[in-house]
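In: Kindly generate the corresponding structure for this input.
(2 chains)
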Amino acid sequence: MTDYFYLIPIAIGLGLCGLAAFLWSLQSGQYDDLQGAAERILHQDDVPLSH
Amino acid sequence: MSCCGSGAELAMLAAPDPREVLLVSRTIAGGLRQTDLSVPDVHCGACIRTVEKALDALDGVTWARVNLSTKRVTIKWRADASPPPFIETLRNVGYEAHLFEVDGDARDTTLSELIRALAVSGFAASNIMLLSVSVWSGAEPATRDLFHGISALIALPTLIYSGRVFFRSAWQALRHGRTNMDVPISLGVLLAFGMSLYETAIHGPHAYFDAAVTLLFFLLIGRTLDHMMRERARVAVKGLARLAARGALVLQSDGAQTYLPVSEITPDMTIMLAAGERVPVDSQVTKGLSELDVSLVTGESVPQPALPGSVLRAGTLNLTGPLIITATASANESFLAEMLRMMEAAEQGRSVYRRIADRAAGLYAPVVHLTAAITLVSWLIVSGDVHRAITIAVAVLIITCPCALGLAVPMVQVVAARRLFESGIMIKDGGALERLAEIDTVVFDKTGTLTLGNARVVNSDNVDPATLALAGAIAAHSRHPYSRALAAAVPRLQAPIVLDDVSEHPGCGMEARLGGSVLRLGRPEWALTDTSRMDLDGSSVVLSRDGQCVADFRFEDRLRAGAVETVGDLKRDGLAVEVVSGDREMPVRTLASGMGVPYFAGVLPGGKAAHVAELASAGKKVLMVGDGLNDTPALMAAHASMAPASAADVGRNAADLVFLREDLSAVSQAIAVSREAGHLVRQNLALAVGYNLIAVPIAIMGHVTPLVAAIAMSGSSIVVVANALRLRGRGKSDKSQGAGASTPRMSVRLEPAE
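Out: The predicted model follows:
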């Protein structure tokens, strides 16, 4: 049992990563216009790849 | 274009002065300025593209982005040039837009604080719960202690970060000698954490870290939803077109013209007022002829003539001709400021409303705390074991911690507000919903509330279609409400009539040439050579050919859709309905007697508020529905208040509810939803109390372990939330019935009473 205790900090660390990612996305305004984002993806202009 | 933005009926409003655009924009980094526009008509991806493309093509615009959720456009443009014509450009592609005050960098900080607190507590709750499950499944003492330790490490920062929302508000309440729901919450959470920490230190078996953090998580969900609901309504109301002047074109003594914000206008300044603009401050006409729409200010539905010497009140709309006016008062002595002062007085006169949740907490907290204290003392006497007595007393506090109670009220109100929002009714806060459910008297304003405040031709059936088409063709050249009504009365599919030399004579009417004859459409005194045979009325317009009467048109203020049914519904529900208007006796009597309700005509603004206050002191709970500036003190004095989206800015901000659609049935609908919500709130409170009646004796007996606490708390919260969601389900079934019933547009003809 105690052999697997190293999994606990990994689990919590992953959770913290998720939390940090959420807070970052909130901070960078990704939730400001959810409806707009859903529509924009359908109307994005095609940009040719530059080689 | 695809589905959106027909752009058909837009051209009537005057575009704002570019200097007004400059006034409400703000400087941002990089030599740019930012302007926010509210564009209520964007609703799909194609709209986004059209709007952004049109704006990007403008000279000087560096960046334009639509926010579809808030229906706003943010535009960044180079500050060194004059503002590009944003509003005209959008109008050309078919979108009505209006300037939106950029209120600094004030993004909604409370909401993001709540969401961050919610995210942190959610993370903590899930992790501590995982650790707790293994403890409950019977982990060995060493493992258990380790897990308790880790839980404590996660819980402490969470409590500090997420808990401060509650601690702050509880502390505020305690400092002022009050209690609110946050006091028992904070006490429960802190005691649970403190005891668990002690338990961990002495390697005890029972720690309540999960209870403390889960509680915070659940309550933050309720709190965040509640805030989002209020914020959404606030933003929606703020996005409506501003109806008061922001500034005015002032003629300096040296002949230069400067655009000054309203606050900088002082008495004796000369102001140039174009047709379609609103009067910025109280003033007097020095030059020019025009007509004024005063419906929003005094409630009179018939346009008033303006000639040199006429006194103008701030907020009236100049309709037909340009005027040169002299300010007689500064902005803070104008009519609007007077209304604001009366609003403050009315607010102070109104009794303070305590929300249901706070009243419940006022009863609940002492009972719970007393129970815990008695448990502590009793166990001390019975067992003599201090540790055991404290553990059980804290368990009582944790189990009674008002998780369900804290969610019982906000959840119902959030669901109700959402249902109202879907019907275009914005509610400013949950307290308004509670107050609305209590009302027993409804006071309506007339102009702009029961009626739309714009005229309609009543006798178009008696007029020969060709003559009507001719009148309509002339009228199409004017902005006067009667002209617009005439133009709208012409049936479609008429061959266009070509007129020569159409000109508008402010205060009189329109003149045009057709063939060799002169056509005049306007006041009988002006259009006809001989008026002795006519019976003249304030609301009649004639069409004349070379001085001879061809047709005579009568106008009535058009009733709002659903007005008659709504008043009927309200009366059937046992509510007393009254009409209180600032308009003249005649139109008010016609309308009120048609609906069979008592009325008061020619009431001054102060009189309205006094009337509402009088009703209130007679023990009535009044709902005031009004739109004009003159209604705002009464809106403030009433127990609950509602305003249409077309209301004066101050009124919209003062009212508890704002309805965006034309249909007046919003009033009865809002009352119905608020009553249903009140019913569910009481049910939820009963459920929460019932839960405590079962759980508390178990806790007092000392049988509550952390596992029991977790199950009981989550269970009761889920029951309460599920009960609140029933309101939503009911809303769906209502709507499918309601949609069919309300589609045909109401048009009730008002026949004069005698």
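In: Residues contacting the longest helix along chain A, please?
Out: Taking DSSP state H as the criterion, chain A has its longest helix at helix A:7-27. Applying CB atoms under 8 Å, 6 or more residues apart in numbering or on different chains, the contact partners of helix A:7-27 are A:31, B:112, B:115-116, B:119-120, B:123, B:126-127, B:130-131, B:150, B:154. Yep, even glycine has a C-beta here, placed from its N, CA and C like the rest.
In: got the contact list for residue B:647?
Out: B:296, B:448, B:626, B:627, B:628, B:631, B:655, B:658 are the contacts of residue B:647 under CB under 8 Å, 6+ apart.
In: Quick check: the gap between it and residue B:219.
Out: 36 Å (CB to CB, to the nearest Å).
In: now swap in residue B:642 and tell me
Out: Residue B:642 is 31 Å from residue B:219, by CB to CB.
In: cool, residue B:33 as well?
Out: Relative to residue B:219, residue B:33 is positioned 43 Å away (CB to CB).
In: Compare the two and say which is more crowded by neighbours.
Out: Neighbours per residue, other CB atoms under 10 Å in any protein chain shown: of residue B:33 and residue B:219, the larger number sits with residue B:219, 28 against 20.
In: Can you lay out the contacts of helix A:7-27 as TSV showing neighbour count?
Out: Shown next, in TSV, are the contacts of helix A:7-27 (neighbours: other CB atoms under 10 Å in any protein chain shown):
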residue	neighbour count
A:31	14
B:112	14
B:115	19
B:116	17
B:119	19
B:120	23
B:123	23
B:126	14
B:127	23
B:130	16
B:131	25
B:150	18
B:154	21
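In: Can you list which of those residues are found in helices?
Out: Among these, the members found in helices (DSSP H) are B:112, B:115, B:116, B:119, B:120, B:123, B:126, B:127, B:130, B:131, B:150, B:154.
In: what's around the closest residue to the third one other than its chain neighbours, how many residues?
Out: Spelled out, that is residue B:116. With sequence-adjacent residues excluded and distances taken as CB to CB, 6 or more residues apart in numbering or on different chains, residue B:116 is closest to residue A:23, at 6.1 Å. For residue A:23, the neighbour count with other CB under 10 Å is 16.
In: Let me see the confidence value for residue A:23.
Out: Note for residue A:23: predicted pLDDT of 92.
In: what's the answer for the one 3 residues further on, then?
Out: At residue A:26, the model reports a pLDDT of 88.
In: One more: residue B:543?
Out: For residue B:543, pLDDT reads 84.
In: and the stretch 51-200 of chain B, which of its residues are near chain A?
Out: Counting by CB under 8 Å from any CB of the partner chain, the positions of the stretch 51-200 of chain B adjacent to chain A are B:66-70, B:112, B:115-116, B:119-120, B:123, B:126-127, B:130-131, B:140, B:143, B:146, B:150, B:154.
In: that older thread, so which of the ones in helices among the contacts of helix A:7-27 comes closest to chain A?
Out: Closest to chain A out of those is residue B:123 (4.5 Å), distances taken as CB to the nearest CB.
In: Check the gap between that closest one and residue A:13 for me.
Out: 12 Å.
In: and residue B:171, how far is that from residue B:513?
Out: Counting by CB to CB, the gap from residue B:171 to residue B:513 is 78 Å.
In: And residue B:150, by the same measure?
Out: 92 Å.
In: again, but for residue B:502
Out: Counting by CB to CB, the gap between residue B:502 and residue B:513 amounts to 8 Å.
In: Among the two, which residue is more densely surrounded?
Out: Applying other CB under 10 Å to residue B:502 and residue B:513 shows that residue B:502 carries more neighbours, namely 18 against 13.
In: Would you work out how far apart the start and end of stretch B:66-78 are?
Out: Using CA to CA, to the nearest Å, one end of stretch B:66-78 lies 19 Å from the other.
In: Residue B:521 and residue B:510 touch, don't they?
Out: Yes - look at residue B:521 against residue B:510 with CB atoms under 8 Å: they come within range, at 4.7 Å.
In: higher neighbour count, the two?
Out: In terms of neighbours (other CB under 10 Å), residue B:521 is the more surrounded of residue B:521 and residue B:510; the figures are 32 against 26.
In: For chain B, see how far away the residue nearest the centre of chain A is.
Out: Most central in chain A under CA atoms, centre = their mean is residue A:21, positioned 5.3 Å from the mean C-alpha point. Distance, residue A:21 to chain B, by CB to the nearest CB, to the nearest Å: 10 Å.
In: CA atoms only: put stretch B:366-382 into PDB for me.
Out: Extracted in PDB, the C-alpha atoms of stretch B:366-382 (Å, rounded to 0.1, in the frame of the first residue of the first chain):
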ATOM      1  CA  PRO B 366     -29.700  31.700  17.000                       C
ATOM      2  CA  VAL B 367     -31.700  28.400  17.100                       C
ATOM      3  CA  VAL B 368     -28.800  26.400  15.600                       C
ATOM      4  CA  HIS B 369     -26.100  28.000  17.800                       C
ATOM      5  CA  LEU B 370     -28.300  27.600  20.900                       C
ATOM      6  CA  THR B 371     -28.800  23.900  20.000                       C
ATOM      7  CA  ALA B 372     -25.000  23.400  19.600                       C
ATOM      8  CA  ALA B 373     -24.400  25.100  23.000                       C
ATOM      9  CA  ILE B 374     -27.000  23.100  24.800                       C
ATOM     10  CA  THR B 375     -25.500  19.900  23.200                       C
ATOM     11  CA  LEU B 376     -22.100  20.900  24.400                       C
ATOM     12  CA  VAL B 377     -23.200  21.500  28.000                       C
ATOM     13  CA  SER B 378     -25.400  18.400  28.100                       C
ATOM     14  CA  TRP B 379     -22.600  16.100  27.000                       C
ATOM     15  CA  LEU B 380     -20.200  17.700  29.400                       C
ATOM     16  CA  ILE B 381     -22.700  16.900  32.200                       C
ATOM     17  CA  VAL B 382     -23.500  13.500  31.000                       C
END
